[in-house]
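> Quick one, fold the following:
(3 chains)
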Amino acid sequence: MSVAPNTLEWAGIGRADLARYLGWAGVGLGALAFFLVLPPVTARSPVVPLVVGGLGIVAGALALREGAGRRLATGAMAAGALGILLGWLGTRSNIESLDQVFVWSALIAATLRAATPLTFAALGGIVSERSGVVNIGLEGMLLMGAFFGFLGADKLGSWWWGILCGIVAGAALASVHAFIAIHLRADQIVSGFAVNFLALGITGYFFIEVYTDQGTPGDVSNIPSISIPGIRDLGFVGPAIGDMHLLIWVALAFVVLSHLLLFHTPIGLRLRSVGEHPKAADTVGISVYAIRYGAVILSGALAGLGGVYLSNGITHSFNENMSAGRGFIALAAVIFGRWRPYAALVACLLFGFTEALALRLPGAYGEDAAWTTLFRALPYVVTLIVVAGVVGRSIPPAAVGRPYVKQ
Amino acid sequence: MSTGPSEPTVQPPSEGPVVKGGGAAYRLDRWQRAGGLVAPVLTAILAFLAGGLVVLATGHNPIEVYKGIWNGTGLEWFYQVGSHGVGLPWSEASVWFPWDPGSRAAENLQQTLILTASLVLTGLAVAFAFRCGLFNIGGQGQYFAGAYVAIWIGSSFAGMDSLVHIVFAIVAAGLAGAAFAGIAGILKATVGAHEVITTIMLNFVALYAGLYLFGQGGPLQNKDQVFSPTSNEVLDEARLPVFWGDPFLQGLHVGLFLALGALVAFWVIINRTTLGYEVRAVGFNPEAARYGGISVARNYFLAMAIAGSFAGLAGAIDMLGWRFSIGFSDIQSSTIGFVGIAVALLGRNTAVGVGLSALVFGALVNGTAARNIPVEAFDIPEQAGNLSLTIQALVLLFIGADILILYLWAKTGQRIGVGRRSPA
Amino acid sequence: MSERPVVLELRGITKQFPGVLANDRVSLDLRRGEVHALLGENGAGKSTLMSILYGLYHPDEGEILINGEPVRISSPKEAIERGIGMVHQHFMLIPVMTVAENIVLAEEPTKAGVVLDFATARRRVEDIAAQFNFAIDPQARIENITVGQQQRVEILKALYRRADILILDEPTAVLTPQEAQELFAILKNLTREGMSIIFITHKLNEVLEIADRITVLRRGKRIDTLPAAGATEASLASLMVGRDVLLRVDKTPAKPGDALLQVEDLHVLDDRELEAVRGVTFEVKAGEIVGIAGVDGNGQSELIEALTGLRPIASGEFRVDERRLTGASTHRILDSGIGHIPEDRQRRGLVLEFSLAENIALHDFDRPPNSRLGWLRPRYLVERAKRLLRAFDVRGGGPQTPARALSGGNQQKVVVAREVENDPRVLIAAQPTRGLDVGAIEFVHRRLVEERDEGRAVLLVSLELDEILSLSDRILVMYEGDVVGEYGPDVTEDELGIAMLGGTRETEAVA
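Take a look at the predicted model:
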């Protein structure tokens, strides 16, 4: 041990704990290296991110030596390195641009907005995969929800109808996937992929049928925001949280509900048992098929709701293929969060942050600067790094992806 | 500590054979393996029928629509037999030929075959990876990688000998596709990152990279047209020669032969080389392969790289064969990599299957191109594109329904065999 | 015995699977408070019969009566409702969940009908365990407790659901002799409380010890039902197989030569980075069979994986024929004279979708004459396959047949043929007869002895003590990653059993 063993014993910290603390400290230092360069601190010397990020790398290395999980330790070192890089980049930017991009209240609000569709889809992914069914079709279900949610609000007059339609559309697509994957026992990835295509075709088709080439009308009934008078005036998070869209609140509530459902109710226990060991569940009388069907359809409903937020809540319009890969990013969040709702939420916020950032950067650095286009790839690159470097060997529910054959 | 004896892989409870002659699943499986066309053909037919239903449901006439699509494919050319002449290459002589090389149908057929060539290659990109047990959804990104490189090389290096220039561009594009896919391959081989997610992410990376490269102010943007987000044009000397049709009207270029060659190469590699043996072994049973001394990681990487090279080649023949430049809207609307997935699945990941399936999809996509649809069939011709998408999706879905056919088979088999459910 | 009421009766049960008649008009009755053994070799139909009783399969013909009334059991749920509980051979437990969660699954105690009541669940588990004298920790995760304890959890599952008929499917397959004794004590306890037990097994000695009555099945038919008193192992064996069976393999004494496999202080880590093999040292000489006995999970699998290059070696050495192979790749190891019959032929030994010829070539497909410069030459593969299939009397297909079409016994013959063809100096056989019928088992045993007589060194790892005792010239016992004892072929099962549980650490002098 590199730290005096007696001190640690006295503090009641075991070696494994020390390793874990070091690992997380490394991650934190890496993040700090970046944040110190941004407003309001706006450190200008490259030494700052170098030192702080360097400490992060050291912490990660120490964590590795003390026996921390390889993922955490390498994640810490990666965070440290990334912090140095991004911090250095930040010191090279001029201050006005930084000030323009990093308006924290706006960034937080944008983060929450971007994270919400991801959160809904991720919750759907968790439910489905925990029951043992891979759902690559989240992207399609999101899209269905986006279109039909908008259509419903438009044709049926109110945003409430829009939400309902979106949910039903997502669930309907999910039931196709469920039938093919569960009943017909086809390859779940192929099936999920096919429903994505199907969603593209269907939404595109009906989009042109109904809205021809004029696009969607601008005056469709919108889902309200909830204004909380007291919070609204607080510090820099005030405007973000105090005036938040209804569905964002719903998403956060659903995260809590999902956790409770999965880990504190009988139905959650049974769902998890079906995903871990369906034969065992079957032998105590649980209907594997019923639970899987229910889980997949629920996941479609959730993703559909996320889609409604996308079209009705953020952009107030619909474009073809507007889901733009969010369903897949949500899947990465599921893996990153190890199939647990709270951790997946954190992942969604991370991805939402990168998306928010990518949208704000062109504003500060000029529309003509071509390189700002590259920043729109940032969410996908981050997902890639996360899936590859930090997440690699996550352990999914044991029976996920394998069709269950009932004798 | 272990959890009891390890569970044996699925077997009926007695020590009898896993599947025997009497089993419907085994028979159908053997039939499919032997190249039985029944299931894929049925699948395609079912998909078209369902697509027709969708059309009907929205108040259009499916017959008109399908007729328009059929005419657009140019496949009718094959039954318009007559007496015509065709010129021999590199000579002035003319030879009798049963089909008219210059008819309207011929032009449509050329377009279909252009698409088919690209689809063969993107289909092989998916099929090769599948044989190793990997789901390569990154065909689109790998296509882009090859396309960008091909455009860049094709529009630079003026004064090179034509053949050298073309070969250079094509080889480089293939390598670019291989490298791009190799990233996902390495990630899978080293940390076990799921290739579905990594390749999808890479697709987006390639997409935005292209928007950057060829967009306003981007490094590869057209030097002469500063306000238009497209690339430079491919130089004349680097363009693929057209062997059928009018070069000024997008005739059929020799890329088709490259695609056919790729089909042969695919078959040979998979079935006649040790690499193919390893790839197949890993695809069927990575554990047994490892136990047999095969490096699973190495094969994951190689399979992805080779798959990516096919897709990169697709990018090359498209750029050098008929597009000659690439721009913002091209990049954003390109779906050829994704159609390749449907091609591979319908073609059951075999060489012959991919070839035929590429023809089917090429015909479908070309037939549903806006210019081919008569106005009576669809008010807005773009709808045909969505119909095409829907049909592709249905094809994918009904491939899953092969299981349906299997299920039905098995049920009828049981009725013939011993016993029904006992009432007791 | 005859006064006890009949609680369960199976009449004329018939079940057909594609190509195989698993049960052929089988009848059976069970009296209250008795232990009724269902005896038969692998594939006789015992598991199928019980699966029907438990609602996992539907019989094609026949009926089931409980306490005299005909009933229809169409799902495990209904079986449970009728008081039938089953302890499966492959445990139906969820490794990542706790004991309590596994036991109360599908009948969970709740607060207000919605929220799981963990405290009550824990209490109920403790209550039942106390009632039947089990010691179990409700909060422990299944993956962290021993196999013997897991089995108790399975039994508790049935008791929690108020079973009064208990079916146990090959329960001692994973237990040491001592743990088996503990199980028998538990069973006796249960019958005293009025439970009726059906005990499926293929082990003759157990049957005589625990059963009150024995029903023998062979190839799907019931051969006889007889009281245990008065039966002998030999008489039961001939009923099981239909002819007189050699219970021990005929072999001449070993003539060991030079040491071909030398293992020195080997340390190997398992998947969770814990030491699974802790400094094992032994050697296997040419012309002898060394058997490694031990309960599953004591490091045998990891040891074999290390010796075949499938798992990295943390420290230590091993040599084949004086050549150091520590750290070598699987490929090089296989080239250097080790043959390996893996314990799971379908997962590790064969690529089921490959043809027999391709499977046989699994080790040397990249060497001449099978291939040249990366080019496969199918003709050579097929020729060689034809020769081997004939030599090993493999039935069910030819060189082009996919491996999945063969029966388990024939598949194993293909694996053995391939390994032997490689002309190894050392042959490692792991669970070589798992899941095989008696004919195939005899074949494999005879073959192993033949290879020994040809001068190879044979290392046999098996969970079946019978097999070890009958084949080995020397026996090593592994416990918790160590070799804790070395014995000659005359050691008794009891002594081995004690060693397998970590008992005495003496080394008997080898004759």
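> number of nearby residues for residue 297?
You didn't say which chain, so I picked chain A. By the criterion of other CB atoms under 10 Å in any protein chain shown, A:Ile297 has 21 neighbours. Heads up, the C-betas are built off the backbone N, CA and C, glycines and all.
> Switch to chain C, please.
20.
> do the same with A:Val27
23.
> Could you pull up the mean pLDDT of the strand or helix carrying B:Ala311?
Assessed by DSSP states H and E, B:Ala311 sits inside helix B:296-318. For helix B:296-318, mean pLDDT is 95.
> Spell out which residues belonging to the stretch 251-400 of chain B are near chain A, please.
In this structure, the stretch 251-400 of chain B approaches chain A at residues B:338, B:341-342, B:345, B:380, B:382-383, B:385-394, B:396-397, B:399-400, judged by CB under 8 Å from any CB of the partner chain.
> Narrow the residues you listed to those in helices?
Here DSSP state H is the test, and these give B:338, B:341-342, B:345, B:382-383, B:385-394, B:396-397, B:399-400 as lying in helices.
> what about burial for these, which qualify?
Buried subset of these (neighbour count, 16 or more other CB atoms under 10 Å in any protein chain shown): B:338, B:341-342, B:345, B:382-383, B:385-394, B:396-397, B:399-400.
> these two touch, right, C:Ser315 and C:Glu275?
No - with contacts counted by CB atoms under 8 Å, C:Ser315 stays clear of C:Glu275, the gap being 10.1 Å.
> who touches both of the two?
Taking CB atoms under 8 Å, 6 or more residues apart in numbering or on different chains as the criterion, C:Ser315 and C:Glu275 both touch C:His267.
> Comparing those two, which residue is more hemmed in?
C:Glu275 (15 against 10).
> and the more buried one, how far is that from C:His267?
6 Å (CB to CB, to the nearest Å).
> Next, show the common contact partners of those two.
C:Ala314.
> pLDDT value on the closest residue in space to A:Met141 that isn't next to it in sequence, please?
Closest residue to A:Met141 apart from its sequence neighbours, by CB to CB, 6 or more residues apart in numbering or on different chains: A:Ala303 at 3.7 Å. A:Ala303 carries a pLDDT value of 96.
> Please give the element, helix or strand, for A:Ala303.
Applying DSSP H and E as the criterion places A:Ala303 in helix A:288-308.
> close to chain A, is stretch C:151-166?
Yes - interface with chain A: stretch C:151-166 contributes C:Lys157, C:Arg161 (CB under 8 Å from any CB).
> Could you report the neighbour count for residue 187?
Since you didn't name a chain, this refers to chain A. Neighbours of A:Asp187 (other CB under 10 Å): 19.
> Can you look at chain B instead?
Count around B:Leu187 with other CB under 10 Å applied: 25.
> And it, how far from chain C?
Per CB to the nearest CB, to the nearest Å, B:Leu187 is found 21 Å from chain C.
> That residue sits in which helix or strand?
Assigned by DSSP H and E, B:Leu187 falls within helix B:162-191.
> Run the chain-centre distance for that helix.
Using CA atoms, centre = their mean, to the nearest Å, the mean C-alpha position of helix B:162-191 is found 17 Å from that of the whole chain.
> If you count contacts, what does the next helix or strand after that helix end up packed against?
Per DSSP H and E, the first helix or strand lying C-terminal to helix B:162-191 is helix B:195-214. Here helix B:195-214 touches helix A:326-336, helix A:371-374, helix A:378-385, helix B:139-155, helix B:162-191, helix B:328-333, going by 3 or more CB pairs under 8 Å, 6 or more residues apart in numbering or on different chains; DSSP states H and E.
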